[in-house]
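Asker: Can you look at this prediction? I've put the sequence above it.
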Amino acid sequence: MPKTLTTAQLETAKAMIGSGTPTELSNFYDYMYQQGYGYAALANGVVNCQWATGTTAQNYMINSAGAQGVILDAAAIQKIEAGMANGYINTLLGYANSTGSTSQDISAEDALSIHSDPETVYFNRRKR
C-alpha cells in the first residue's frame, strides 16, 4: 500500500527526474517504489529494460515509432521516458492538489492517458 506523500514530498521526488537521464529516472522510480507506489516498479523496468515487461515495452515503443516512419535513437527514447516520468508525478501531484497529500497510485485510466499523451509520446505527431 502506498505511503501518504505530501505535495512537498512529491515535488522533491519530481526534482529527482532532473534532465531525465536513465540514472535519474531509475533513482526516481526506486524512490517511488520504496514509498509503495507499484507503477514505479513497472516503469523502472522499462527504463532499465528489465524483465519481459520492460523489454516488451521498449520494443513496442520502437516498433510503433518505426511503423510511423520514425526511428527512435537513444536521445528520443530518453525524452519519451522523461516525459512519462513527469506525467506520472504530475498525475500524483494532481491527486494531492485538493488535500495536500496522496496515498493513491495512478489508475489504469491515468496510465493510459500518460502513455497516450502526444506531448509525452511525441513521435505520434512528429515524423522525420
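Answerer: Yep, that arrived. Residues are numbered from 1 along each chain as shown.

Asker: Now the element after the longest helix anywhere in the chain, going C-ward?
Answerer: In the chain, taking DSSP state H as the definition, the longest helix is helix 74-96. Using DSSP states H and E, the next helix or strand after helix 74-96 towards the C-terminus is strand 101-102.

Asker: Span of stretch 9-29 from start to end?
Answerer: 14 Å (C-alpha to C-alpha, to the nearest Å).

Asker: And for stretch 94-109?
Answerer: Per C-alpha to C-alpha, stretch 94-109 runs 14 Å from first to last residue.

Asker: average model confidence for that stretch?
Answerer: Averaging pLDDT along stretch 94-109 gives 96.

Asker: ditto for stretch 60-68
Answerer: For stretch 60-68, the per-residue pLDDT averages 87.

Asker: for this protein, which spans come out with low pLDDT?
Answerer: 118-128 (pLDDT under 70).

Asker: Can you give me the neighbour number for the residue nearest to residue 7 when sequence neighbours are not counted?
Answerer: Spatial nearest neighbour of residue 7, excluding adjacent residues (C-beta to C-beta, 6 or more residues apart in numbering): residue 96 at 4.8 Å. C-beta coordinates here come from the backbone N, C-alpha and C atoms, glycine included. Per other C-beta atoms under 10 Å, the neighbour tally for residue 96 reads 21.
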